[in-house]
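[1] using only what follows, build the 3D model:
(one chain, ligands or ions: 1)
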Amino acid sequence: MSSELLIRQPRMLLPSGEFFVGDLHIQNGKIAEVATKISATEASREIDARNLTLLPGVIDPQVHLREPGLEHKEDLFTGSRACAKGGVTSFLEMPNTRPPTTTQAALDDKLQRAAKKSLVNYGFFIGATAENLPDLVEAEPTCGIKIFMGSSHGALLVSEEEELEPIFANGERLIAVHAEDQSRINQRQKQFTDASDPAYHSQIKDNQAALNATKLALKLSKKYQRRLHILHLSTAEEAELLRQDKPSWVTAEVTPQHLLLNTDAYEKIGTLAQMNPPLRSPHDNAALWQALLDGVIDFIATDHAPHTLEEKAKGYPHTPSGMPGVETSLPLMLTQAMAGHCSIAQASHWMSSAPAQAYGIPNKGAIAHGYDADLVLVDLDNYHPIVSEKLQTKCGWSPFEGWNLTGLPAITLVGGEIVYERGKLNTEARGKALSFSAGEAGG
Ligand code: DOR
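    A predicted model of the protein is given here:
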């Protein structure tokens, strides 16, 4: 799409963190000019954005879109529609599909599927097993290696130090860990064999299980000075550990769920609140917020992990773990900003520029000349409740059902093309494969 577009008079967030009211000109998918007033040129279309705020599109660095193999939960088309509606213009997707993404062929297959089906830009992790070291070192293009140290099954579970060590010792690319200590979880499970209340989930997979695994990942990362990213940090103890000792090549993320929900949620929404790592206490919520505000945690990911309502109705412990998130993350964080818990510039940094920097995604995550026109216009004047009937995710529910949120996207653009506009999706639009340079820690 090489058409031109003028966005007139939004309040736009500049890389400095300041707001500027003016016009933005998009040409050939890139931001060509930002100025107080731009005279009309060949622009094929003008958007009157006078009452809207323009932010860089969200980069969601942890989603599960279930294709191939689990398309009854989500697929790359439905998941990317949900992204477009939520202002997520790029996603990084996890390898626990069927088959798992553990080889170059499986990675190529996903890239081909996404080229055909995804409305937004995409990148994929390669999953570690105890046996696929050559693939982990060589596969391209990938945003990094995903290791499930716990809470996974089959080949994707790599929990033992002897199996983890060669992965950290070989190659240079980013390693992202799901840090839970599987042997501790197995031990604790024995004490809760009759547990049918999902609230036990947080006790079985306790804070110590997360801390043990994060410590082990940090130890190996330090030994080899290996670029490490800790996915969905969930406990006060892990936040404190990183506060004391976070090498410059380590990053960490937190989900909106771990910031905004806690174990009280089981009473209200039962197994819909079940995820891995589990929801924690209000004390953990507060510690995670503080760590995010202080830069100990670098950015936000949703861990969008859709499961059907039938699956979630099976009764604990037969229920799958995970919640959807791409459609709600930006409004959730902007609502927090409007309530004074952080600034809009901080929320946008955590959701756009920081993940772009950490994964080395060029030309994304900022409103600046020459950057890709991956943008979202949000409405910060009105509040709307989250209603499951309106969601685009195939699973059709949200743990935030009924929450009254502001900052809902009015228009989302990917590469200068409108993919979502006031309730309507452009289902013909297609995103592009992301590229990744080495990436920097300390986003
Ligand atoms: O709760 C979760 N669900 N956590 C994960 O890490 C995986 C995810 C899934 O794939 O369902």
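[2] wait, Ala301 sits on His232?
    Yes - proximity of Ala301 to His232 meets the contact threshold set by CB atoms under 8 Å, at 6.7 Å. (Each C-beta comes from the backbone N, C-alpha and C, glycine too.)
[3] anything in contact with each of those two?
    62, 253-255 (CB atoms under 8 Å, 6 or more residues apart in numbering).
[4] from those, which single one is nearest the ligand?
    Distance to the ligand across the shared contacts of Ala301 and His232 (CB to the nearest ligand atom) is lowest for Gln62, with 8.2 Å.
[5] next, the contact list for that closest one, please.
    Neighbours of Gln62 in contact, by CB under 8 Å, 6+ apart: 92, 94, 176, 231-232, 253, 255, 301-304.
[6] for the residue in the chain positioned nearest to the ligand, which non-adjacent residue is closest in space?
    Going by CB to the nearest ligand atom, the ligand is nearest to Gly322 of the chain, at 3.0 Å. Nearest residue to Gly322, sequence neighbours excluded (CB to CB, 6 or more residues apart in numbering): Ala305, at 2.7 Å.
[7] what about the one you found, how many neighbours?
    Neighbour count of Ala305, defined by other CB atoms under 10 Å: 25.
[8] quick check, pLDDT for it.
    pLDDT, the model's per-residue confidence, is 98 for Ala305.
[9] same thing with the one 4 residues further on?
    Each residue has a pLDDT score; the one for Leu309 is 98.
[10] quick check, it in contact with Gly396.
    Yes - with contact defined as CB under 8 Å, Leu309 reaches Gly396; the gap is 6.9 Å.
[11] tell me which of those two has more neighbours.
    The residue with more neighbours, out of Leu309 and Gly396, is Gly396; 15 against 12, by other CB under 10 Å.
[12] quick check: that one touching His307?
    No - using CB under 8 Å, Gly396 is not in contact with His307; the gap is 10.8 Å.
[13] is the residue lying closest to Leu434 once chain neighbours are set aside in a bridge, and if so with what?
    Sequence neighbours aside, Gly123 is the residue nearest to Leu434 in space, at 3.9 Å (criterion: CB to CB, 6+ apart). Beta-bridge partners for Gly123, by DSSP bridges, are Leu92.
[14] ok, Gly123 - contacts?
    Contacts for Gly123 (CB under 8 Å, 6+ apart) come out as 90-93, 141-143, 359, 361, 433-434, 436.
[15] pLDDT averaged over the helix or strand harbouring Leu55 - what is it?
    Element membership of Leu55, judged by DSSP states H and E, is strand 53-56. On average, the pLDDT along strand 53-56 is 99.
[16] what lines up beside that strand in the sheet?
    strand 11-13 (parallel), strand 375-379 (antiparallel).
[17] would you list every one of the strands in the stretch 1-150 of the chain?
    5-8, 11-13, 19-21, 23-27, 30-35, 45-48, 53-56, 58-63, 88-93, 121-127, 144-148 (DSSP state E, counting those that start in this stretch).
[18] same question, the stretch 301-443 of the chain
    375-379, 384-385, 404-405, 408-414, 417-421, 424-425.
[19] mind putting the strands paired with strand 53-56 into TSV with mean pLDDT and mean neighbour count?
    Listed next are the strands paired with strand 53-56 as TSV, based on pLDDT from 0 to 100; neighbours: other CB atoms under 10 Å:
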stretch	mean pLDDT	mean neighbour count
strand 11-13	98	22
strand 375-379	99	25
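[20] what does the stretch 301-443 of the chain put close to the ligand?
    303, 305, 320-322 (CB under 6 Å from any ligand atom).
[21] for the residue of the chain closest to the ligand, give me the backbone phi and psi.
    phi 140, psi 150 (degrees, to the nearest 10).
[22] OK, contacts around it?
    64, 274-276, 303, 305-307.
[23] filter those down to the ones in helices?
    Taking DSSP state H, every one of these sits outside helices.
[24] kindly reformat these as CSV and extend each row with distance to Gln9.
    Below are those laid out as CSV (distance: CB to CB, whole Å):
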residue, distance to Gln9
His64, 38
Gln274, 45
Met275, 41
Asn276, 45
Asp303, 36
Ala305, 39
Pro306, 37
His307, 42
